[in-house]
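In: Mind looking at a prediction? Sequence and model below.
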Amino acid sequence: MKQIIAYEMSFDEMAAYSKDISCVPFQKQYWHEYMNIYNDCFYEMRRALEIEPINFYTDYSQIEDKVEGIFLYLQNGAIAGAVSCYGNELDDLIVGKPFRRQGLGQKLLLWGINHIKEQGYKEIILHVAEWNQNAVELYLKNGFIIRKRERVR
């Protein structure tokens, strides 16, 4: 079984944010599309780190109690990306394959930061696997700092 290292990162600056995108609250009608994008986004990492099941989401009941914190960015009625905000924690930032490498991840990150700040939180935290260096670099570039490095498994 492979070792998994994760970073806890925090952000406590004011974000420079122009409203480039607008996200909408999750709706059940998007479940299957969201599940497919989510599983696709984390497939390679989960496989490389031997995290089972590799395709994590299979049933709506797995997110039923978390949907109020999931926000979708839609293009032409389809999910281009999503970000989850639970209290002061930013989680599950995902971008659909056709929309990757176009800056959407950064826009979703900034949208999530500002959404959490608008709820009155001063500090924002997130957790990211060390394996996911693209995400780590995105977060560092946008003002997050590594607060803790921990062995998860």
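Out: Yep, that arrived. Numbering: from 1, shown residues only.
In: And the longest helix along the chain, what does it pack against?
Out: Counting residues, the longest helix in the chain under DSSP state H turns out to be helix 31-48. For helix 31-48, the packing partners by 3 or more C-beta pairs under 8 Å, 6 or more residues apart in numbering; DSSP states H and E come out as strand 78-86, strand 89-95. Any C-beta I mention is one placed from the backbone N, CA and C, and that applies to glycine too.
In: any idea how far it is from the chain center?
Out: The chain centre lies 12 Å from the centre of helix 31-48; the measure is C-alpha atoms, centre = their mean, to the nearest Å.
In: Just the CA trace of it, in PDB.
Out: As requested, C-alpha coordinates have been extracted for helix 31-48 and formatted as PDB (Å, rounded to 0.1, in the frame of the first residue of the first chain):
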ATOM      1  CA  TRP A  31     -25.700  14.500 -10.300                       C
ATOM      2  CA  HIS A  32     -24.600  12.100 -13.000                       C
ATOM      3  CA  GLU A  33     -22.600  14.700 -14.900                       C
ATOM      4  CA  TYR A  34     -21.000  15.900 -11.600                       C
ATOM      5  CA  MET A  35     -20.200  12.300 -10.600                       C
ATOM      6  CA  ASN A  36     -18.500  11.600 -14.000                       C
ATOM      7  CA  ILE A  37     -16.400  14.800 -13.900                       C
ATOM      8  CA  TYR A  38     -15.400  14.200 -10.200                       C
ATOM      9  CA  ASN A  39     -14.400  10.600 -10.800                       C
ATOM     10  CA  ASP A  40     -12.500  11.600 -13.900                       C
ATOM     11  CA  CYS A  41     -10.600  14.400 -12.100                       C
ATOM     12  CA  PHE A  42      -9.400  12.200  -9.300                       C
ATOM     13  CA  TYR A  43      -9.000   8.900 -11.200                       C
ATOM     14  CA  GLU A  44      -5.300   9.100 -12.000                       C
ATOM     15  CA  MET A  45      -4.400  10.200  -8.400                       C
ATOM     16  CA  ARG A  46      -6.500   7.600  -6.700                       C
ATOM     17  CA  ARG A  47      -5.100   4.900  -9.000                       C
ATOM     18  CA  ALA A  48      -1.500   6.000  -8.500                       C
END
